[in-house]
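1. Mind looking at a prediction? Sequence and model below.
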Amino acid sequence: MPPRRTTLTYSSEDVGPVAGDKPLYVYYCKYSGKHVMTTDCNLSKAPRRSTDHALVLDTQEYTVKLYTQDGGVKLLRRRSGAVERQLRLNSGKLPVAYRTEPEGRYLYVLDDALTTYTADESGLGDGKPPVPPCIIRVGKSTQVALEVDDRGKRALVLRVTADFVRVQLKGGINASHANEELLEMLRGVFGCRLGQLSLKRGESTRHKVLLVEGMTPDAVYTKLQLSVNRNPKALGRSSKHVINTSIVPLEAPKDAAKP
């Protein structure tokens, strides 16, 4: 019997490849929420290196699509005295994987670097749309990765992608009151007190990290989607991509047998 399919929409530019007979697993950076890799390898069953506990992915056995950047070369001296050369792969500025030789057969995924949806986190078990990885729980708060546009006609939430919640301000991004304008707009979106919201700096001027106290990731995502749906049609939102949710959700990688 073929898998049940549900059609969801995200305005994300990084939709993974279409699955064949094998299920696909979509992995994100555990810390930034960015889409890092799509593969037909279940990393929870992958072996680990004894040296650094990294997950070992055989790229000749499995199909791997990476969404990473060159992280440069790192030289490490092992306890045996041997020097290992690692060609790092980054998600933004964060290393998430490496190879030991260019175009090497084996891809090593750093321990505890990647995550993916679970049925409980995404809501797939009860028919709810999954919360994108840019919205995560941090302690008792919900963290949201923001990408900020400025000098728009009005302050609003433009769209929700896998990597960021994109928002727009009327003023300039470097204006002294930019953070105040952003927080006031989001206070209206969430219907909460201003004291429940706080901002931290992100990777660049246009990227910020929002912390929302007293709201779950699911509630935050629902409020953001409602705000996007109320936007005037004249804004000309970007086209939406269909994501095939027959891609299998699973828990973050667990310990597997060492190679």
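-> Looks like it arrived, so ask away.
2. List every C-alpha atom in stretch 156-171, with coordinates, as PDB.
-> Extracted in PDB, the C-alpha atoms of stretch 156-171 (Å, rounded to 0.1, in the frame of the first residue of the first chain):
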ATOM      1  CA  LEU A 156       4.400  43.100   9.000                       C
ATOM      2  CA  VAL A 157       5.300  39.400   8.800                       C
ATOM      3  CA  LEU A 158       6.000  38.600   5.100                       C
ATOM      4  CA  ARG A 159       6.400  34.800   5.200                       C
ATOM      5  CA  VAL A 160       7.600  31.800   7.100                       C
ATOM      6  CA  THR A 161      10.300  29.600   5.600                       C
ATOM      7  CA  ALA A 162      12.300  26.700   6.900                       C
ATOM      8  CA  ASP A 163      15.300  28.900   7.700                       C
ATOM      9  CA  PHE A 164      13.700  32.200   8.800                       C
ATOM     10  CA  VAL A 165      10.600  34.100   9.600                       C
ATOM     11  CA  ARG A 166      10.900  37.100   7.200                       C
ATOM     12  CA  VAL A 167       9.500  40.400   8.500                       C
ATOM     13  CA  GLN A 168       9.400  43.900   7.100                       C
ATOM     14  CA  LEU A 169       9.800  47.300   8.800                       C
ATOM     15  CA  LYS A 170       8.800  50.800   7.700                       C
ATOM     16  CA  GLY A 171      12.000  52.400   8.900                       C
END
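3. Quick check: residue 220 is in a helix.
-> Yes: secondary structure of residue 220 (DSSP: H, G, I helix; E, B strand; the rest coil): part of a helix.
4. Which secondary structure state does the closest residue to it other than its chain neighbours sit in?
-> Distances taken as CB to CB, 6 or more residues apart in numbering place residue 142 nearest to residue 220, at 4.8 Å, with adjacent residues excluded. Every C-beta, even on glycine, is put in place using the N, C-alpha and C of the backbone. Secondary structure, three-state DSSP: residue 142 is strand.
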